[in-house]
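Novice: Pasting the sequence and the predicted coordinates here, then a few questions.
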Amino acid sequence: MAWHNAVMNAPTLRDEIAHTAARMIAEDGLDYITAKRKAVKLLLGQNTMPRGEIMPDNIQVEDAVREYQALYLGDSQPGQLRHLREQAIALMQWLEPFRPMVTGAVWNGTAGEHSEIVLQCFADSGKDLAIFLLNEGIDYQVDERPDFRGRGFVEALYFVWRNEDVVLVVYDRDAVRGALRPGARGQERGDIRALEQRMAEAAAADSAS
């Protein structure tokens, strides 16, 4: 009821879309683009995304996801996040030759039951990573993900590892130089040490509360 009231009392349609999309992300594991499209369909009855100020950006949706998780998933989400971060560290150790960095919900702290582990890897050739997985007996699927440099799309490898959905986004080694430039909310990805630091900070905050 509290979340329903928050949506209905939202001062703008932009807020309503953000809160509706956030619920879909938190409960169903939808990605941000799909969740926003479904929210627009539900609230406006249209299949096309409106332009301009009506559409919330991902930062606003992320804030709404955190709010939803705090209201409804406070007993389960922190443990799920910790588990996924532990799995991400083990995965990055395994993929160490490809300088993996974790990004997405596992990195920013909004990961939950349906979240995938997204790693950005840097190799001389995308084939190097594919061959590595094949040699390890990993059955993967190939797709694309947006390039964080704003250059269209790059190759992504999808597979299941230790019962968790994993996405490896493949970049050339030169891309690593711009990977740690801060975005709108600071660092948008991190290596093993950076993720371990975030886990330590989260554990300290839990102990203090």
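Specialist: Looks like it arrived, so ask away.

Novice: hey, let's count contacts and neighbours off CA atoms from now on
Specialist: Fine.

Novice: can you tell me which residues contact the nearest residue to F153 once chain neighbours are set aside?
Specialist: Leaving aside its sequence neighbours, F153 sits nearest to P146 (CA to CA, 6 or more residues apart in numbering; 4.3 Å). By CA atoms under 8 Å, 6 or more residues apart in numbering, the contact set of P146 is G152, F153, V154.

Novice: Tell me how far P146 lies from P50.
Specialist: 21 Å (CA to CA, to the nearest Å).

Novice: And the next helix or strand past the helix or strand of the chain with the lowest mean pLDDT?
Specialist: Least confident element among the helices and strands of the chain, by mean pLDDT, DSSP states H and E: helix 2-8 (a mean of 51). Using DSSP states H and E, the helix or strand that follows helix 2-8 in sequence is helix 13-28.

Novice: residues of that next one that come out buried?
Specialist: 13-27 (16 or more other CA atoms under 10 Å).

Novice: Stretch 62-72 now?
Specialist: Here stretch 62-72 shows E62, A64, V65, R66, E67, Y68, Q69 as buried, counting by 16+ other CA under 10 Å.

Novice: Need these in TSV (columns: secondary structure).
Specialist: Below are the buried residues of stretch 62-72 laid out as TSV (DSSP: H, G, I helix; E, B strand; the rest coil):
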residue	secondary structure
E62	helix
A64	helix
V65	helix
R66	helix
E67	helix
Y68	helix
Q69	helix
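
Novice: Now those residues in JSON lines, please, with extra columns for pLDDT.
Specialist: Listed next are the buried residues of stretch 62-72 as JSON lines, based on pLDDT from 0 to 100:
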{"residue": "E62", "pLDDT": "96"}
{"residue": "A64", "pLDDT": "96"}
{"residue": "V65", "pLDDT": "97"}
{"residue": "R66", "pLDDT": "96"}
{"residue": "E67", "pLDDT": "96"}
{"residue": "Y68", "pLDDT": "96"}
{"residue": "Q69", "pLDDT": "96"}
